[in-house]
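Participant: Curious how this folds, go ahead:
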Amino acid sequence: MAALGYACLVLALAVCAYGIGASVHGARSGQPQWCQSGRRAVYLLAGVLTLAFLVLEQAFLRSDFAFNTVADTSSRTTPTFYKAAAVWSSQEGSLLLWAWLMSLWSSLALFLTRHRLREIAAYATAVLLGLGGITAEALADVAVAPAPISERAAAELAGQLAGRALLDGFRGGPVADRAQLGTVLAALGNLLADHPAIADVEINPLRVTAAGLIALDAVLTMGKEARS
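Facilitator: This is a model prediction of the structure:
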């Protein structure tokens, strides 16, 4: 499900980029078919973000800790009502919620004015898609490197994240020991490289505390050949 949610965010970003280009090109060239295509991109964005929000809501209800925001703001003992409401208690969930609502209202506004205000509608579409694209980009925050990886290179991965400020004592929080983080990531990479039978290994969440990093949950999945 985490992969589906991430794919929705990437698709939303791509839809925004296309819609902006189509709307501006249509307005400047006087070609209404491009303006109409940009308008439809807003409708598609609303659909994609609806799916993304439902994926995240389901992750909270199922206590799926493969989602970082679920691991950070919920637990298996949280009552169902509060799990459902916890989506917008986190920064990521709140961003997704407002991006989703904005896409729905934008779709409604563009639909109601589809036969009016044509001289400015395409530019309005581009602006609305630009706001949605910024949000989608902020949520799709990952850093990837092949295994095995050195401890130094692994520690530098944190610097590639858009949310890296969260690791540096954001709002008075603990500062993550990036060297220790690199040690953990390198160890995971070596584990995968040395044991091909392992299909996947995940530590989630890896909690940052003043005393260091603490693994609260971990999952190791063996490949099909190893299980047979």
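
Participant: chain center to the lengthiest helix in the chain: distance?
Facilitator: Longest helix of the chain, by residue count under DSSP state H: helix 32-61. Counting by Cα atoms, centre = their mean, to the nearest Å, helix 32-61 is centred 14 Å from the centre of its parent chain.

Participant: what packs against it?
Facilitator: In terms of contacts (3 or more Cβ pairs under 8 Å, 6 or more residues apart in numbering; DSSP states H and E), helix 32-61 is packed against helix 2-29, helix 68-73, helix 80-85, helix 91-112, helix 118-139. Any C-beta I mention is one placed from the backbone N, CA and C, and that applies to glycine too.

Participant: can you list the ones you listed in CSV and add mean pLDDT?
Facilitator: Converted to CSV, the helices and strands packed on helix 32-61 look like this (pLDDT from 0 to 100):
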stretch, mean pLDDT
helix 2-29, 83
helix 68-73, 75
helix 80-85, 82
helix 91-112, 81
helix 118-139, 59
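
Participant: Give me the buried positions along the longest helix of the chain.
Facilitator: The neighbour-count check on helix 32-61 (16 or more other Cβ atoms under 10 Å) flags 34-49, 51-53, 55-57, 59-60 as buried.

Participant: picking up where we left off before, right, so of the helices and strands packed on helix 32-61, which gets closest to residue 154?
Facilitator: Closest of those to residue 154 is helix 68-73, at 17.6 Å (criterion: Cβ to Cβ).
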